[in-house]
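Chemist: Take a look and give me a structure for this.
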Amino acid sequence: NSTGIALPNVNASKLKNITIPLPPLAEQHRIVAAIEALFARLEAAEARLEKVPGIVQQFRQAVLAAGCSGKLTKNWREIYPNENVIDLLNRINVVASKTGRSATDNTIQGKCILAVGDPQTKSPVGWQWVALTKIARLESGHTPSRKHPEYWDGEISWIGIKDAGRYHGGFIEQTMQHVTDLGLENSASRLLPKNTVCLSRTASVGYVVIMNKPMATSQDFVNWICSEAILPKFLMYAIMAEGEEIKRFGRGTTHTTIYYPEVKALRICLPSIKEQQEIVRLIELYLAYADTIEANVAAAKDRTAKLRQSILAQAFSGQLVPTETELARREGREYESADVLLKRIHAEQ
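Modeler: Numbering: from 1, shown residues only. Model (predicted):
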């Protein structure tokens with residue numbers, strides 16, 4: 001019934017001519033009571049649904065912590081023999097990075113299996129604390145000069161903070177910005193290989209992604225090219241298991257930054273490759289379950305919104321409660337119909 005394009009409205013004359021089917025007053029009371037009772041139940045359900053995302057997020061973090069502390073695979077280790085991690089490490093030869101300053105001598109215990117320096121804490125059977133730079137090559141990122149347009153809008157994907165936030169906890173496929181070969185040649189940024197693990201170390205500390213193809217990153221990231229001793233996904237989940245606690249590895253109150261001395265001193269408690277594979281499998285199994293719960297909650301929220309409108313539609317079409325006519329006939333009593341009610345009101349006026 002509205003008119004107008006920019007500001008649609010219903011004019012007064014149309015409003016004056018609106019008609020509604022009017023039930024008896026007693027039936028109106030029952031309709032209102034039924035609506036309010038059902039709405040109260042809906043609101044209670046919605047309140048419970050609002051709590052679920054927080055619970056699911058806690059569940060995800062608990063899964064990551066259990067997986068990356070060896071708890072999920074405790075029984076698995078008793079059944080399946082593991083390669084000695086020390087033997088595995090003896091086969092690895094990672095070229096040391098020349099990025100940034102030397103490693104710090106400080107020790108900062110992480111929440112799970114990461115630490116700055118040697119925490120000298122007990123590890124699960126068969127696991128070994130090892131410097132991350134011994135099993136993964138550390139690489140930095142950089143931003144080509146914005147003063148040279150020829151450095152930008154090329155074919156090389158360039159990861160920024162927003163990209164990492166969008167793909168956090170998974171493989172990064174697309175980036176908002178791209179650079180040219182000339183841009184890389186004239187900056188400290190490097191083209192890093194597929195499966196490189198990238199951690200945001202400034203501003204939004206803690207975003208972690210895996211490159212789905214060769215890409216470059218800004219200086220906001222530290223990047224690890226994993227050797228055969230560590231799975232990229234296992235390293236990503238180990239970082240995610242730290243949660244907000246990963247900021248303890250950095251400095252600064254307003255804007256936390258993890259500096260290279262701490263990055264170079266990072267250690268990880270490492271299981272065998274077979275156990276890493278099992279940990280990744282179990283983590284992804286439980287995280288997929290969490291995704292299903294979230295999808296169900298989203299669908300339930302959509303249904304509650306539609307159900308509210310459905311209740312109103314049934315209420316004002318006479319289907320929500322028994323009509324006054326039906327009740328009066330069933331109870332064998334007289335009732336004041338709507339037309340009698342209107343006549344009485346008119347007479348009183």
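Chemist: just the helices in the stretch 101-250 of the chain please.
Modeler: 132-135, 161-167, 181-185, 232-241 (DSSP state H, counting those that start in this stretch).
Chemist: low pLDDT regions in this structure?
Modeler: For the chain, the stretches flagged by pLDDT under 70 are 95, 97-100.
Chemist: biggest strand in it, by residue count?
Modeler: In the chain, assigned by DSSP state E, the strand with the most residues is strand 152-159.
Chemist: Now it: buried residues?
Modeler: 152, 154, 156-159 (16 or more other Cβ atoms under 10 Å). Heads up, the C-betas are built off the backbone N, CA and C, glycines and all.
Chemist: List just the nearest of those residues to Phe234.
Modeler: Closest approach to Phe234 among those (Cβ to Cβ): Ile159, at 20.6 Å.
Chemist: quick one, what contacts the closest one?
Modeler: When contacts are counted by Cβ atoms under 8 Å, 6 or more residues apart in numbering, Ile159 is found next to 141, 172, 175, 198, 209, 211, 215-218, 221.
Chemist: Of those - the most surrounded one?
Modeler: Thr217 (31 neighbours; other Cβ atoms under 10 Å).
Chemist: you'd agree that residue is up against Trp158?
Modeler: Yes. Using Cβ atoms under 8 Å, Thr217 is in contact with Trp158, at 7.0 Å.
Chemist: overlap in contacts of the two?
Modeler: Common neighbours of Thr217 and Trp158 (Cβ under 8 Å, 6+ apart) are Ser189.
Chemist: Could you report the neighbour count for Pro309?
Modeler: Quick fix: residue 309 is Gln, not Pro. 9.
Chemist: Where does it sit: helix, strand or coil?
Modeler: helix (DSSP: H, G, I helix; E, B strand; the rest coil).
Chemist: so what's Arg60 closest to, chain neighbours aside?
Modeler: Spatial nearest neighbour of Arg60, chain neighbours left out: Ala290 (5.3 Å); criterion: Cβ to Cβ, 6 or more residues apart in numbering.
Chemist: give me every residue that touches that neighbour.
Modeler: Counting by Cβ under 8 Å, 6+ apart, Ala290 makes contact with 56, 59-60, 63.
Chemist: helix/strand/coil for the residue lying closest to Gly67 once chain neighbours are set aside?
Modeler: Among residues not flanking Gly67 along the chain, Ile283 sits closest, at 4.3 Å (Cβ to Cβ, 6+ apart). Three-state assignment for Ile283 (three-state DSSP): helix.
Chemist: Skip the chain neighbours and tell me the closest residue to Trp76.
Modeler: Spatial nearest neighbour of Trp76, excluding adjacent residues (Cβ to Cβ, 6+ apart): Glu278 at 5.5 Å.
Chemist: so which strand or helix has that neighbour?
Modeler: Element membership for Glu278 (DSSP states H and E) is helix 273-315.
Chemist: got the angle for that helix vs helix 232-241?
Modeler: Helix 273-315 runs at 60 degrees relative to helix 232-241, counting by axes from the mean of the first three to the mean of the last three Cα atoms, to 10 degrees.
Chemist: following helix 273-315, which helix or strand comes up?
Modeler: Later in the chain than helix 273-315, the nearest helix or strand by DSSP H and E is helix 324-331.
Chemist: before we move on, the earlier item: how near is the residue nearest to Arg60 to Gly170?
Modeler: Distance, Ala290 to Gly170, using Cβ to Cβ, to the nearest Å: 14 Å.
Chemist: what does Glu284 give?
Modeler: 10 Å.
Chemist: what's the answer for Pro24, then?
Modeler: Counting by Cβ to Cβ - Pro24 and Gly170 are separated by 60 Å.
Chemist: who's more crowded, the two?
Modeler: Using other Cβ under 10 Å as the criterion, Pro24 and Gly170 rank with Pro24 on top: 20 against 13.
Chemist: Give the closest residue to that one in space, chain neighbours not counted.
Modeler: Nearest to Pro24 is Glu324, by Cβ to Cβ, 6+ apart, at 4.1 Å.
Chemist: Surely that neighbour and Pro23 touch.
Modeler: Yes. With contact defined as Cβ under 8 Å, Glu324 counts as touching Pro23 (6.6 Å).
Chemist: Please work out which residues outside stretch 220-230 touch it.
Modeler: Outside stretch 220-230, the residues within contact range by Cβ under 8 Å, 6+ apart are 88-89, 91-92, 94, 132, 135-141, 159-161, 164, 192-193, 195-203, 217, 232, 235, 258, 260, 263, 268, 270, 273, 276.
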